[in-house]
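Colleague: Okay, here's the prediction I keep looking at, along with the sequence it came from:
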Amino acid sequence: MSEDLAYEVLMDHYRNPHNYGSVKDFTHGITEYNPICGDTVHIEMHISNGIIDEIKFMGRGCSISQASASILTETVKGMPAAEAAAITDQDYLLKLGVSLGPAREKCALLSLNAMRKSLSAGGSSDGQ
């Protein structure tokens with residue numbers, strides 16, 4: 001996919017976020033905050049038999065952090081939790097398909113880091 005098309009996909013996720021909201025009876029949840037820019041992402045998941053059955057997010061911040069959270073939920077929904085936890089920063093940034101500077105990479109990785117922390121904590125936690 002070209003970078004221009006990847007940027008359009010990213011902006012579409014920002015304007016029309018997928019899986020935005022709360023998960024009823026979530027088993028895993030966390031809020032992550034980037035103190036440098038003020039972006040916030042709250043992720044809730046329901047995991048059953050090791051599979052991410054449902055995942056949603058809420059947050060506020062720049063287009064990159066919010067679109068990335070939307071893309072993450074689409075990516076990991078239905079995936080084994082162990083496989084989702086193993087997604088590397090580099091793999092995720094490649095999936096997004098746009099070139100970002102170091103500060104914007106932190107925005108793009110906020111939701112991925114939140115998800116991994118929640119999975120490693122084994123449930124709800126507060127990342128602030």
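Modeller: Great, that's in hand.
Colleague: Name the residues that touch the longest helix seen in the chain?
Modeller: Counting by DSSP state H, the longest helix found in the chain is helix 102-121. Residues outside helix 102-121 that contact it (C-beta atoms under 8 Å, 6 or more residues apart in numbering) are 28-32, 34, 36-37, 39, 41-43, 45, 55, 57, 59, 61-62, 64-65, 68-69, 72, 76, 81, 84-85, 87, 89, 92-93, 96, 100, 124-125, 127. C-betas here are computed from N, CA, C, even on glycine.
Colleague: Downstream of the helix or strand of the chain with the lowest mean pLDDT, the next helix or strand is which one?
Modeller: None of the helices or strands of the chain scores lower by mean pLDDT, DSSP states H and E than helix 3-15, at a mean of 86. Moving toward the C-terminus from helix 3-15, the next helix or strand (DSSP states H and E) is strand 28-33.
Colleague: what pairs with that next one, and is each one parallel or antiparallel?
Modeller: strand 40-48 (antiparallel) (DSSP bridges).
Colleague: what's the angle between the strand it pairs with and helix 102-121?
Modeller: 30 degrees (axes from the mean of the first three to the mean of the last three C-alpha atoms, to 10 degrees).
Colleague: Distance of Glu83 relative to Asp91?
Modeller: 11 Å (C-beta to C-beta, to the nearest Å).
Colleague: To what extent is Thr40 buried, counted in neighbours?
Modeller: 19 (other C-beta atoms under 10 Å).
Colleague: That one against Phe57, yeah?
Modeller: No. Applying C-beta atoms under 8 Å as the test, Thr40 and Phe57 come out as separate, 10.2 Å apart.
Colleague: sorry, back to before: could I get the average pLDDT for the longest helix of the chain?
Modeller: Averaging pLDDT along helix 102-121 yields 93.
Colleague: which regions of this structure lie under the pLDDT threshold?
Modeller: 1, 123-128 (pLDDT under 70).
Colleague: Repeat the analysis, applying 90 as the threshold.
Modeller: 1-10, 35-37, 94-104, 121-128 (pLDDT under 90).
Colleague: tally of neighbours for Ser70?
Modeller: 23.
Colleague: show me the contacts for it.
Modeller: 13-14, 17-20, 57.
Colleague: hang on, it is in a helix, isn't it?
Modeller: Yes. Under DSSP: H, G, I helix; E, B strand; the rest coil, Ser70 sits within a helix.
Colleague: All set, thanks.
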